[in-house]
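Q: curious how this folds, go ahead:
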Amino acid sequence: MHGNLAAHAGRWSAAHWKTATFGWLALVVAAVALGGMAGTKKLTDAESSVGETARAEKILSGAGFDNSATEVVLVRSKTAARPEGVAADVSAMLHARRDVKNVKAPVRSKDGTSMLVQFDLRGNGDTADERVQPVLDAVARVQKEHPSFTVAEFGSASANHALNATIGKDFSKAEKMSLPITFLILLLAFGAFVAAGVPVLLAFSAVLASVGLSSLVSHVAHASDATNSVILLIGMAVGVDYSLFYVKREREERAAGHEGREAVHRAAATSGQSVLVSGATVLVAMAGMLFAGSGVFTSIGIGAMIVVFVSMVGSLTVLPAILSKLGDRLEWGRLRRKRARTDSRVWAALLRPSLQHPAIAAVLSAAFLVALAVPAFGMHTKLLGFNDLPQKLQIVQTYKTVQKAFPGASSPATVVVKAKDVTTPRVQSEIASLKRRALATGVMHNPIRTYVNPSQTVETVDIPLSGNGNDAAAAHALDVLRKLSAAPVTGETAGDVDFNANNRSRAPIVFAFVLGLAFLLMLITFRSIVIPIKAIVLNLLSVGAAYGVLVWIFQGGHLQSLLGFHSNGAVVTWLPLFLFTVLFGLSMDYHVFILSRIKELVDGGMPTAEAVEKGIRTTAGTVTSAALVMVAVFSIFATLSTLDIKQMGVGLAVAVLLDATIVRAVLLPATMKLLGTWNWYLPRSLHWLPRVHVPVAEAA
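A: Below is the predicted model of the structure:
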């Protein structure tokens with residue numbers, strides 16, 4: 001019983017509950033305090049880019065350019081009136097402001113109805129969104145004075161200002177909703193306030209500690225903007241899962257007559273060991289992101305690994321300490337009479353068809369998942385552009401108007417020319433030639449602007465491209481530009497194209513790493529070559545089905561009014577690889593938990609077919625509760641405004657729902673029943689593998 005690490009950790013924690021509990025609290029407080037004092041080091045543009053874009057951004061980062069944020073004000077006539085006078089008023093207003101510099105002469109559109117005034121905001125461009133509001137207010141006053149014209153501002157600072165306000169409200173809503181919803185689901189699962197509160201508090205404290213630790217780690221490996229959101233998402237999911245598995249088993253052992261600390265010891269040796277194996281598998285999956293060749297994925301992967309590890313440590317140490325101290329008080333606040341049964345009659349009824357007709361159940365469920373996955377073969381991916389921001393934002397309408405009047409001006413491609421002296425006649429001649437040839441292609445447009453750094457070693461050439469920044473027309477224009485230029489090119493379109501290319505080349509490496517290590521881990525844990533192969537196939541089916549649903553909804557443009565989004569005909573570039581690692585890890589949670597219980601019963605002498613039925617029936621309530629928590633939390637994210645977070649929420653919710661129902665209730669029991677004793681087949685040549693101790697449950 002006590003021959004595994006989880007059992008030793010649980011036994012020690014139960015015997016030293018004060019040390020374990022206050023040690024955990026000290027860890028959380030220290031992590032939060034130190035992380036807050038250290039702050040978070042964010043990825044630079046060069047670190048978050050890949051390919052040619054990264055080379056260009058690296059040159060720019062060391063060139064000493066003024067990184068002030070550039071904004072534009074569009075002046076467009078709503079009637080036949082000419083816009084010159086209003087554009088002059090805008091220019092005068094900007095020249096008079098102390099927080100503005102480098103005001104350019106107004107540029108006229110081809111049709112003559114619009115003019116564009118470009119300027120820079122003083123100060124650091126990285127924080128310009130925090131200082132742009134007074135300028136926006138001044139532009140709004142000019143608009144009020146000229147109601148027959150559209151006078152509107154656009155730029156990275158104003159767009160980020162609007163977007164951050166929206167995202168801030170969204171994530172505040174997500175945080176406020178996730179905790180009470182999780183608690184209510186667990187209250188229904190346990191029927192007692194204290195039992196429901198323990199997993200929520202432990203998961204949330206693990207998230208807080210992980211955010212602090214992530215801030216510290218960011219000083220070594222810089223963090224992306226999405227890292228903390230992923231920590232919250234993954235932390236609440238796995239933290240609640242691990243605690244749920246543990247608490248459910250402790251209650252079962254107590255109901256079976258094991259009094260005092262013995263119930264905790266037995267839960268530690270069984271469900272605790274499942275948490276250990278499951279956590280290790282999830283860590284392997286998350287580590288796959290480190291091989292994606294992108295600073296963004298590396299940051300997200302590190303953040304996810306931190307929160308999984310912290311959640312696992314908390315579940316194996318402070319949780320048994322709390323359970324040991326609470327004892328029967330875990331049942332305080334009970335809403336209903338305690339049930340004697342540990343299995344589920346509902347799940348027994350659901351399992352019956354799968355176990356009575358396993359071949360039919362396996363074929364039909366697999367065919368259903370394959371049918372859902374079919375649209376994934378036509379998946380298109382792209383990074384989100386300004387055009388994909390929430391359509392309700394006024395800034396999006398301004399962007400579209402600017403794009404229509406001045407194609408590509410809001411997000412031009414930037415050619416980065418580096419030389420000992422870029423002002424020499426030879427270099428300037430080459431840049432002039434590049435401008436002429438670019439305009440001659442018909443897919444690049446004026447206004448083309450150039451900037452030279454103080455040391456005159458780097459010159460940037462901003463060239464507006466056809467298209468909206470991240471569509472096929474923009475990608476074609478970028479390809480033409482890169483063939484014309486020997487210097488590296490960066491910009492919104494370049495970043496999108498290079499990120500897509502990097503993901504395509506790196507995906508096989510990530511898949512091979514995650515699948516290979518997960519296979520080895522499960523091979524050693526269950527001493528079977530069939531179990532890991534089957535687990536991987538089933539998980540790939542659920543991931544593929546989630547991909548297909550994502551493509552059908554977001555790329556195909558279905559359910560737009562229901563989910564509140566505007567389709568851009570693609571799935572966000574980073575999502576497929578992210579979803580694979582996260583979903584593979586989370587689905588292995590359930591798989592390891594269920595299989596561990598089945599193997600306990602088989603090792604105790606129960607026939608495989610009977611063990612499958614009993615193992616799934618006794619774990620079904622836990623798996624259902626855990627899945628409901630995940631689906632509920634992920635569904636909250638599906639209601640948020642930004643398209644990438646909405647896609648992530650839908651993808652995660654759909655995959656977990658399919659995995660906890662079709663895969664666990666139909667496909668898993670059916671395939672295990674068909675394989676029988678072959679489930680535990682291990683070739684003679686692999687009998688040298690080390691044995692992982694799995695405690696034996698009573699067969700009764």
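Q: all contacts plus neighbour counts: C-alpha atoms, from now on.
A: Fine.
Q: which residue packs closest to residue 292, ignoring adjacent ones?
A: In space, and not counting its chain neighbours, residue 292 is closest to residue 506: 5.5 Å by Cα to Cα, 6 or more residues apart in numbering.
Q: look at the one you found and tell me its secondary structure.
A: Three-state call for residue 506 (DSSP: H, G, I helix; E, B strand; the rest coil): helix.
Q: pull the number of nearby residues for residue 352.
A: Residues near residue 352, counting by other Cα atoms under 10 Å, number 16.
Q: repeat that for residue 508.
A: 12.
Q: that one and residue 225: what is the separation?
A: Between residue 508 and residue 225 the distance, using Cα to Cα, to the nearest Å, works out to 26 Å.
Q: in what helix or strand does residue 57 lie?
A: When secondary structure is defined by DSSP states H and E, residue 57 falls within helix 51-61.
Q: buried sites along that helix?
A: Of the residues in helix 51-61, those buried under the neighbour-count criterion (16 or more other Cα atoms under 10 Å) are 51, 52, 53, 54, 55, 56, 57, 58, 59, 60.
Q: count of neighbours near the closest residue in space to the fifth one that isn't next to it in sequence?
A: In this structure, residue 55 finds its nearest non-sequential neighbour in residue 488, 6.8 Å apart by Cα to Cα, 6+ apart. The local packing count at residue 488 equals 20, with neighbours defined by other Cα under 10 Å.
Q: same question for residue 131.
A: 18.
Q: that older thread, OK, contacts around the residue nearest to residue 292?
A: Applying Cα atoms under 8 Å, 6 or more residues apart in numbering, one finds that residue 506 lies in contact with 291, 292, 293.
Q: my guess is the first one meets residue 508, correct?
A: No: Residue 291 sits out of contact with residue 508 when judged by Cα atoms under 8 Å, with a separation of 9.9 Å.
Q: in this structure, what secondary structure element scores lowest on mean pLDDT?
A: Sorted by mean pLDDT, DSSP states H and E, the helices and strands of the chain end with helix 345-356, the least confident at a mean of 76.
Q: centre of the chain to that one, how far?
A: Computed by Cα atoms, centre = their mean, to the nearest Å, the separation of helix 345-356 from the middle of its chain amounts to 35 Å.
Q: the helix or strand just after it vs helix 345-356, what angle?
A: Moving toward the C-terminus from helix 345-356, the next helix or strand (DSSP H and E) is helix 358-373. Taking axes from the mean of the first three to the mean of the last three Cα atoms, to 10 degrees, one finds helix 358-373 and helix 345-356 inclined to each other by 100 degrees.
Q: tell me the helices and strands packed up against the next helix or strand after helix 358-373.
A: Sequence order places strand 381-382 as the next helix or strand after helix 358-373, per DSSP H and E. Here strand 381-382 touches helix 492-526, strand 571-572, going by 3 or more Cα pairs under 8 Å, 6 or more residues apart in numbering; DSSP states H and E.
Q: who does the last one pair up with?
A: Translated: strand 571-572. Strand 571-572 has these partner strands in its sheet, going by DSSP bridges: strand 381-382 (parallel).
Q: contacts for the strand it pairs with?
A: Strand 381-382 is contacted from outside by 470, 496, 497, 500, 570, 571, 572, 573, using Cα under 8 Å, 6+ apart.
Q: so which of those sits lowest on pLDDT?
A: The weakest per-residue confidence within the contacts of strand 381-382 falls on residue 470 (73).
Q: look up how far residue 500 lies from that residue.
A: Taken as Cα to Cα, the spacing of residue 470 relative to residue 500 amounts to 11 Å.
Q: just want the most central residue of the chain.
A: Nearest to the geometric centre of the chain sits residue 230, at 5.2 Å (Cα atoms, centre = their mean).
Q: wait, that one touches residue 303, no?
A: Yes: with the criterion set as Cα under 8 Å, residue 230 and residue 303 qualify as a contacting pair; they are 7.4 Å apart.
Q: all strands of this structure, in order?
A: If you assign secondary structure with DSSP state E, the strands in the chain sit at 70-77, 100-101, 107-108, 114-121, 149-155, 381-382, 413-418, 449-452, 458-463, 489-490, 571-572.
Q: need the ones you listed in CSV with distance to residue 354 and mean neighbour count, can you?
A: Below are the strands of the chain laid out as CSV (distance: least, Cα to Cα, whole Å; neighbours: other Cα atoms under 10 Å):
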stretch, distance to residue 354, mean neighbour count
strand 70-77, 62, 24
strand 100-101, 70, 19
strand 107-108, 70, 18
strand 114-121, 65, 24
strand 149-155, 58, 23
strand 381-382, 37, 21
strand 413-418, 57, 24
strand 449-452, 67, 14
strand 458-463, 62, 24
strand 489-490, 55, 26
strand 571-572, 35, 24
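Q: turn those into CSV, columns for distance to residue 85.
A: Rendered in CSV, the data for the strands of the chain read as follows (distance: least, Cα to Cα, whole Å):
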stretch, distance to residue 85
strand 70-77, 10
strand 100-101, 21
strand 107-108, 12
strand 114-121, 10
strand 149-155, 11
strand 381-382, 40
strand 413-418, 31
strand 449-452, 24
strand 458-463, 27
strand 489-490, 35
strand 571-572, 42
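Q: among those strands, which comes closest to residue 366?
A: When those are ranked by distance to residue 366, counting by Cα to Cα, first place goes to strand 571-572 at 24.6 Å.
Q: please tell me how far residue 249 sits from residue 279.
A: From residue 249 over to residue 279 the distance is 17 Å, taken as Cα to Cα.
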